[in-house]
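> Mind folding the following:
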Amino acid sequence: MKPASRGPAPLCTLARRGRASQLMRGRYAATLFSHLLPTMRLIALGVLTCLSSVTAISAQAPRLRLTAADSLIYREVSRGHVTIQMPQGPLEVRTLHDARIAIVGMLPGQVKAWYRSLVLRNEGPGPTVQAPDTKDMLQVPFELEITGNGAVTVRKTPPMPDAIAAMTDLTHQFDDFLIPLPPLPITAGITWIDSATSTASGRPENSYRGTFVRRFTYRGDTTIAGNPAWRIGIASRVILEASSPLQGMTVATILTGADTGSAVIRAADGHLLRRDKSGSLKGVLKMTGNGQSMDAPQVFTYESTIQKQ
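Numbering: from 1, shown residues only. Predicted coordinates for the structure are as follows:
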């Protein structure tokens with residue numbers, strides 16, 4: 001959509017630009033929220049614990065052990081649904097991130113990981129579909145450092161094709177991939193908390209600020225394929241703020257809400273076996289420029305599963 005040749009259009013005209021304007025805003029919504037879902041992973045892991053007196057599987061602080069002999073395969077499926085209330089009516093966009101990921105131990109604390117398969121898809125508004133070719137992302141390694149409590153530092157990311165970078169920020173694939181472990185033994189009723197604020201953004205012209213507070217609670221023991229494991233409950237509070245330039249305007253969003261979920265962690269080595277979560281965020285999409293402003297209420301719901309293969 002090109003700018004008007006006779007100066008900025010009045011706000012009432014913006015509301016009447018029809019289908020082309022809807023598609024432009026819808027494509028921005030798909031880009032923004034497909035970006036926001038993976039960047040919800042941006043949590044620096046600092047753990048506070050409280051401890052009860054009843055002992056569970058382990059009498060020692062749990063540790064994540066990932067050696068050069070370990071090769072783990074995970075499947076992650078994340079789905080999002082965005083609804084934006086525009087003057088012409090609601091715009092809806094659905095997002096999909098479906099990846100099979102290999103994680104391979106190298107030297108102590110050093111890991112390489114790559115996509116074995118990757119599907120990215122945004123649908124909406126209406127018949128609009130974005131589904132970029134992801135073959136250039138396959139088998140290209142991320143370089144990671146992983147501590148004994150599960151904290152992940154990304155040291156190197158593969159180059160991102162423009163079509164993918166316009167939809168999502170894969171540089172944050174592993175920021176919230178593992179569950180942080182407490183520095184004291186897992187016991188009945190133990191709860192530990194991490195909180196962080198991140199300002200990382202995949203593109204220099206965009207801004208991002210995410211504030212996260214997650215509470216983990218031990219829910220008891222289980223057995224998976226004969227292996228003792230811990231069941232962990234997860235509850236998070238989330239505040240997301242993001243902005244991006246768009247055809248001479250600035251589009252910004254502020255979202256707040258919560259998500260809940262659960263995880264299963266193998267007791268012997270701290271390996272994540274499964275993690276599920278779902279959440280809902282609400283806020284406002286604000287478009288400003290040329291002395292004008294338009295606010296649009298929005299709701300973002302999402303669900304995500306990570307399963308060890």
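
> switch to C-alpha atoms for all contacts and neighbour counts from now on
Noted.

> Report the contact partners of the residue nearest to I254 when sequence neighbours are not counted.
Leaving aside its sequence neighbours, I254 sits nearest to E241 (Cα to Cα, 6 or more residues apart in numbering; 4.5 Å). By Cα atoms under 8 Å, 6 or more residues apart in numbering, E241 lies in contact with 208-210, 252-255.

> swap the cut-off to 10 Å and go again
36, 199, 207-211, 252-256, 283 (Cα atoms under 10 Å, 6 or more residues apart in numbering).

> That one bridge partners, please.
With DSSP bridges applied, E241 shows beta-bridge pairing to R209, I254.

> Assumed D136 was part of a helix.
Yes: secondary structure of D136 (DSSP: H, G, I helix; E, B strand; the rest coil): part of a helix.

> How many neighbouring residues does it have?
Using other Cα atoms under 10 Å, D136 has 11 neighbouring residues.

> For it, report the pLDDT, please.
We note a pLDDT of 94 for D136 in this prediction.

> How confident was the prediction at Q60?
81.

> What is the burial count for the closest residue to it other than its chain neighbours?
Nearest non-adjacent residue to Q60, counting by Cα to Cα, 6+ apart: P185, 4.7 Å away. Other residues near P185 come to 20 when the count uses other Cα under 10 Å.

> Now do the SS call for P185.
Relying on three-state DSSP, one would call P185 coil.

> which sections of the chain are below the confidence cut-off?
Counting by pLDDT under 70, the low-confidence segments of the chain come to 1-59, 200-202.

> Look up how far L281 lies from the closest residue to D136 other than its chain neighbours.
In this structure, D136 finds its nearest non-sequential neighbour in P161, 7.5 Å apart by Cα to Cα, 6+ apart. Counting by Cα to Cα, to the nearest Å, the gap from P161 to L281 is 29 Å.

> Same check on A242?
If you go by Cα to Cα, the gap between A242 and L281 works out to 14 Å.

> Give the residues shared as contacts by these two.
254-255.

> Measure how buried T128 is and give me the count.
Count around T128 with other Cα under 10 Å applied: 12.

> that older thread, show me which of P161 and L281 is the more surrounded one.
It is L281, of P161 and L281, that has more neighbours when counted by other Cα under 10 Å, with 20 against 14.

> Give me the spatial nearest neighbour of the more buried one, chain neighbours excluded.
G257 (4.3 Å).

> Alpha carbons only: can I get whichever strand or helix holds that neighbour in CSV?
Counting by DSSP states H and E, the element that carries G257 is strand 249-266. The C-alpha trace of strand 249-266 is given here as CSV (Å, rounded to 0.1, in the frame of the first residue of the first chain):
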residue,chain,number,x,y,z
MET,A,249,3.6,4.3,10.7
THR,A,250,4.6,2.6,14.0
VAL,A,251,2.6,-0.4,15.1
ALA,A,252,2.9,-1.3,18.8
THR,A,253,1.3,-3.7,21.1
ILE,A,254,1.1,-4.3,24.9
LEU,A,255,-0.2,-7.7,26.1
THR,A,256,-0.7,-9.0,29.6
GLY,A,257,-1.9,-12.3,30.8
ALA,A,258,-0.9,-15.7,32.1
ASP,A,259,-0.2,-19.3,31.1
THR,A,260,-0.3,-22.6,32.9
GLY,A,261,1.1,-26.0,32.1
SER,A,262,3.0,-29.1,33.3
ALA,A,263,6.3,-30.9,32.6
VAL,A,264,7.8,-34.4,33.2
ILE,A,265,11.5,-34.6,33.9
ARG,A,266,13.5,-37.8,34.1
